[in-house]
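Enquirer: turn this into a structure:
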Amino acid sequence: MNQAQASNCRHLIHPWADLSVSTTQKKLIIAKAQGIYIYDETGKSYIDGIAGMWCVNIGHGREEMADTIAQQIRTLDYYTPFGDVTSPPAIELAETLAKRSPLDLNRVQFSCSGSGAVESAIRFSHYFFKSQGQDSKRHIISREDAYHGSTYLTASLSGKKVDKTHFHYIEDFVHHLPSPNYLRFGNEFNESEDVFFQRQAQYLEDKILQLGADNVACFIAEPILASGGIIIPSIEYHRTVRDICRRYGVLYISDEVVTAFGRLGELFTSQVLFELEPDIITVAKGLTSGYIPMGATLISDRLFEQISGSRAGKTPYFTNGFTYSGHPVSCAAAIKSLEIIEKENLCYHVKEVGPYFIQALKTLEQFDSVGVVRGMHLMACVEFRIGKHKGLATDRDIDFARKVDELCEIAGLIVRPYENLCILSPPLIINKAEIDIIISIIENSIIKVEKEIM
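Expert: Numbering: from 1, shown residues only. You can find the predicted model right below:
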């Protein structure tokens with residue numbers, strides 16, 4: 001183990017680390033990146049099959065991003081965003097997002113991450129109802145298999161059971177509906193997808209009625225459950241749950257931290273792809289393409305005007321925000337990233353290569369170890385189920401997936417392992433030839449593991 005590896009083991013606590021081996025386990029040290037490729041400390045190259053963490057949409061190492069960030073630092077590095085102070089980049093980015101967002105989501109609060117964006121959305125929901133004299137509307141409904149962040153509140157909102165470890169979680173006003181994963185749970189009742197998703201939507205109404213509509217503030221949902229396994233509910237499901245929220249006066253928060261800014265071929269997906277009309281949208285990741293940390297919460301004019309129209313002194317301060325809310329360097333990076341996405345027409349490009357990507361991945365279903373491939377455009381996963389069995393994943397399935405992930409890395413492809421899944425979300429600039437390389441690496445890895453295990 002070299003000095004860098006030794007120092008890492010001695011000092012650095014990684015997110016989602018296995019602490020039982022963190023002081024001895026060798027880590028992959030990424031030293032350089034360019035385009036869709038990353039390079040470790042030895043110079044070995046890998047295709048970045050997960051765009052860093054769903055976020056490097058425009059690809060790595062863009063000179064125009066570096067120039068924009070450097071120029072902003074030279075002009076204005078930082079100043080407080082609190083109270084009556086702001087900066088030109090923050091104003092420009094807020095206006096840019098408002099012009100591109102759906103419906104009347106024209107009010108923007110900036111944060112430092114997706115977790116911060118979701119936290120702000122929940123806090124706004126609570127503030128909104130309390131300002132209207134509806135103090136009891138504080139309960140939040142989420143879903144199993146959802147991921148909404150890793151702060152105390154947002155980790156409590158998240159519904160991935162494997163992530164619930166030795167931490168404490170909020171349980172008195174946070175509630176989870178069953179996962180809308182048809183492959184895993186649809187067979188319990190031997191029902192069609194339409195019937196399954198009708199039942200999933202009914203769970204929401206049942207929970208609201210159980211808690212009392214006067215006690216429920218909001219329902220938060222990803223259009224596609226990303227980290228939970230690329231779970232894609234039907235459009236009818238999305239429409240139905242939105243109608244239920246309207247019927248009972250529950251705010252709908254659409255968590256687009258992963259799905260926004262081109263990954264599905266649209267800057268925002270809630271309305272265009274899923275026929276949703278959310279009250280609030282949260283974004284991060286692709287907002288700056290990962291070059292600088294940043295998140296944003298987009299709020300409906302209709303809601304904002306109800307709490308801002310009071311006479312001076314009647315409404316308490318909206319005491320939510322962060323030291324780095326609307327950081328001028330982050331805002332400049334986001335403006336430039338959005339400019340690149342639009343100038344290079346990357347949303348159109350995703351619509352061209354996305355179906356090719358999914359179709360190519362679908363060929364892996366020929367293997368007896370692959371239960372299903374699912375996804376949309378550049379957001380997909382391969383789910384391993386040895387013998388194509390139904391129901392919950394087994395330890396054998398999970399072990400198989402881990403071995404495939406390990407072989408992919410050896411062959412020069414980084415994928416995201418999660419239980420029995422191999423999750424993929426490459427940079428939006430990827431082309432069909434590079435997609436073919438990804439498929440070839442995964443296929444060869446599956447063949448090797450099948451020979452070893454099956």
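Enquirer: going by C-alpha atoms from here, please, whenever you check contacts or count neighbours.
Expert: Fine.
Enquirer: can I see the domain layout of the protein?
Expert: Structurally, the chain divides into domains by automatic domain parsing as follows: 35-58+345-453, 65-343.
Enquirer: how far off centre is the longest one?
Expert: Average the C-alpha atoms of domain 65-343, do the same for its chain, and the two points are 10 Å apart (C-alpha atoms, centre = their mean, to the nearest Å).
Enquirer: show the average pLDDT along it.
Expert: Per-residue pLDDT over domain 65-343 has a mean of 95.
Enquirer: also stretch 385-404?
Expert: Stretch 385-404 comes out at a mean pLDDT of 91.
Enquirer: any buried residues in that stretch, and which?
Expert: 385-386, 393, 397-398, 400-404 (16 or more other C-alpha atoms under 10 Å).
Enquirer: okay, the domains of the chain in a markdown table with distance to D18 next?
Expert: Shown next, in a markdown table, are those (distance: least, C-alpha to C-alpha, whole Å):
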| stretch | distance to D18 |
| --- | --- |
| domain 35-58+345-453 | 14 |
| domain 65-343 | 11 |
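Enquirer: of all these, which one is nearest W16?
Expert: Judged by C-alpha to C-alpha, the one of those that comes nearest to W16 is domain 65-343, at 8.4 Å.
Enquirer: how far does the closest one stretch from one end to the other?
Expert: 14 Å (C-alpha to C-alpha, to the nearest Å).
Enquirer: contact partners for the most centrally placed residue in the chain?
Expert: By C-alpha atoms, centre = their mean, the mean C-alpha position of the chain lies nearest to V258, the distance being 3.2 Å. Residues counted as contacts of V258 (C-alpha atoms under 8 Å, 6 or more residues apart in numbering) are 54-55, 226, 283-286.
Enquirer: which of those residues are buried?
Expert: 54-55, 226, 283-286.
Enquirer: just the contacts of V258: which are in helices?
Expert: W54 (DSSP state H).
Enquirer: switch the contacts of V258 over to a markdown table; also include distance to V21.
Expert: Converted to a markdown table, these look like this (distance: C-alpha to C-alpha, whole Å):
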| residue | distance to V21 |
| --- | --- |
| W54 | 26 |
| C55 | 28 |
| A226 | 27 |
| V283 | 34 |
| A284 | 31 |
| K285 | 29 |
| G286 | 32 |
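Enquirer: between the contacts of V258, which is closest to E452?
Expert: Nearest member of the contacts of V258 to E452, counting by C-alpha to C-alpha, is A226, at 30.2 Å.
Enquirer: now do the longest helix seen in the chain, average pLDDT.
Expert: The longest helix of the chain (DSSP H) is helix 432-453. Taken as a whole, helix 432-453 has a mean pLDDT of 96.
Enquirer: that helix: which residues count as buried?
Expert: 435, 438-443, 445-446, 449-450.
Enquirer: do stretch 263-276 as well
Expert: 263-270, 274, 276.
Enquirer: what do you get for stretch 144-151?
Expert: Buried, per 16+ other C-alpha under 10 Å, within stretch 144-151: 144-150.
Enquirer: in JSON lines: those residues, plus secondary structure and distance to I29.
Expert: Listed next are those as JSON lines, based on DSSP: H, G, I helix; E, B strand; the rest coil; distance: C-alpha to C-alpha, whole Å:
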{"residue": "E144", "secondary structure": "coil", "distance to I29": "33"}
{"residue": "D145", "secondary structure": "coil", "distance to I29": "29"}
{"residue": "A146", "secondary structure": "coil", "distance to I29": "29"}
{"residue": "Y147", "secondary structure": "coil", "distance to I29": "26"}
{"residue": "H148", "secondary structure": "coil", "distance to I29": "27"}
{"residue": "G149", "secondary structure": "coil", "distance to I29": "24"}
{"residue": "S150", "secondary structure": "coil", "distance to I29": "23"}
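Enquirer: reformat those as a markdown table; add distance to H11.
Expert: Shown next, in a markdown table, are those (distance: C-alpha to C-alpha, whole Å):
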| residue | distance to H11 |
| --- | --- |
| E144 | 34 |
| D145 | 32 |
| A146 | 31 |
| Y147 | 28 |
| H148 | 28 |
| G149 | 24 |
| S150 | 21 |
